[in-house]
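**Q** Give me the fold of what follows.
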Amino acid sequence: MTSHPAPPAVPQPVIPQPPVPQPGAPFSDEIRREQRIRSFHPRKGRMSDAQRAALARLWQQYGTRVDGRSQLDLGELFGDPDLPVVLEIGFGMGETTAAMAAADPSTGILAVDVHTPGHGNLLRSIESGGLKNIRPAEGDAFILLRDQLRPDSLSGLRIFFPDPWPKARHHKRRLLQPEFLELALSRLRPGATVHCATDWEPYAEQMLEVLSASPELENLHPDGDGGYAPRPEWRPVTKFERQGLEKGHVVHDLLFRRR
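**A** Model (predicted):
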């Protein structure tokens, strides 16, 4: 009797599972992988001892991990259901975020970024300034908006000096695109403000074009300097802004309101 070799085993597809955060760890690797171009690269960077200590001591009290699974109740997160909350995307080291929060304690700031040392630094500012109206969020702002924030839950959106991705082949990586704006607007309540700022002239032009094209937005300074707004006194000068000014760049603010 002739024996025939067994057919080769068909490999089964391996479905990657999201990593399980370790207890007490303030950060984990990316929890959700998606086939889309990201507007950022995760930046862990070097942390000072003070930043690392602030993360270990304060993250559980103030921090939120963007996991795309649990919807956020902003009233519960800030401990005040009547507090208006703005979303700030990309806060760097957090100095200006802390300054704005201190100057306006009647507004909550949900500050999202992927820069680990920045989170540590912002937590230090929260502690030293006794600030109750900031909640740092670690992760992707797109997932935060799409999966974790309710419609009409935000009173404002702030995008200050995002990565301009100056090379033409990288323009698709810029954060403020029509699709992203459409998603963000669905989370903004009527009367909410959209405030953007950049020192990169071509990006400012794109921002103005994208914002002006939305029928849900009105420009608060349509007759100003080409549709741009003067820098509000309450917006502190950021580190990236200073660097741009030192290079001779022109800074543009854009202020729009959701109808």
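**Q** Could you report the separation of the residue nearest to Val251 when sequence neighbours are not counted from Gly108?
**A** Spatial nearest neighbour of Val251, excluding adjacent residues (C-beta to C-beta, 6 or more residues apart in numbering): Asp199 at 4.8 Å. For glycine as for every other residue, the C-beta is placed from the backbone atoms N, C-alpha and C. For Asp199, the distance to Gly108 equals 27 Å [C-beta to C-beta, to the nearest Å].
**Q** Likewise for Gln61?
**A** 15 Å.
**Q** Same drill for the two, tell me which one is more crowded.
**A** A count of neighbours by other C-beta atoms under 10 Å puts Gly108 above the other of Gln61 and Gly108, at 25 against 10.
**Q** okay but the more buried one is in contact with Leu131, surely?
**A** No - in this structure Gly108 lies outside contact range of Leu131 using C-beta atoms under 8 Å: 10.4 Å.
**Q** Next one: Gln177, what pLDDT does it get?
**A** On the pLDDT scale, Gln177 is placed at 97.
**Q** which ones are touching it?
**A** By C-beta atoms under 8 Å, 6 or more residues apart in numbering, Gln177 lies in contact with Val210.
**Q** do Gly139 as well
**A** By C-beta under 8 Å, 6+ apart, the contact list for Gly139 reads Ile31, Arg65, Val66, Asp67, Val112, Val114.
**Q** try 6 Å
**A** Going by C-beta atoms under 6 Å, 6 or more residues apart in numbering, Gly139 touches Val66.
**Q** repeat for Ala192
**A** By C-beta under 6 Å, 6+ apart, Ala192 lies in contact with Leu154, Ser155, Gly156, Arg258.
**Q** redo that, cut-off 10 Å
**A** For Ala192, the contact set (C-beta atoms under 10 Å, 6 or more residues apart in numbering) comprises 84, 86-87, 152-157, 184-185, 217, 256-259.
**Q** so where does Val112 fall, helix or strand?
**A** Per DSSP states H and E, Val112 falls inside strand 108-113.
**Q** avg pLDDT for that strand?
**A** pLDDT averaged over strand 108-113 gives 98.
**Q** Where do the strands of the stretch 51-200 of the chain begin and end?
**A** 64-65, 85-89, 108-113, 134-138, 154-160, 188-198 (DSSP state E, counting those that start in this stretch).
**Q** got these as a markdown table, with distance to Lys247 columns?
**A** Listed next are the strands of the stretch 51-200 of the chain as a markdown table, based on distance: least, C-beta to C-beta, whole Å:
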| stretch | distance to Lys247 |
| --- | --- |
| strand 64-65 | 35 |
| strand 85-89 | 23 |
| strand 108-113 | 23 |
| strand 134-138 | 29 |
| strand 154-160 | 17 |
| strand 188-198 | 13 |
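**Q** Of those, give the one that comes closest to Val210.
**A** Among the strands of the stretch 51-200 of the chain, strand 188-198 comes nearest to Val210, with 9.4 Å by C-beta to C-beta.
**Q** Just give the strands next to the strand holding Val112 in its sheet, each with its orientation.
**A** Using DSSP bridges, strand 108-113 pairs in its sheet with strand 85-89 (parallel), strand 134-138 (parallel).
**Q** ok, the residue nearest to Val251 - contacts?
**A** Applying C-beta under 10 Å, 6+ apart to Asp199 gives the contacts 161, 164, 238, 240-245, 247-252.
**Q** Of those residues, which pair is most distant in space?
**A** The distance between the two most remote of these (C-beta to C-beta) is 17.0 Å, for Thr238 and Gly248.
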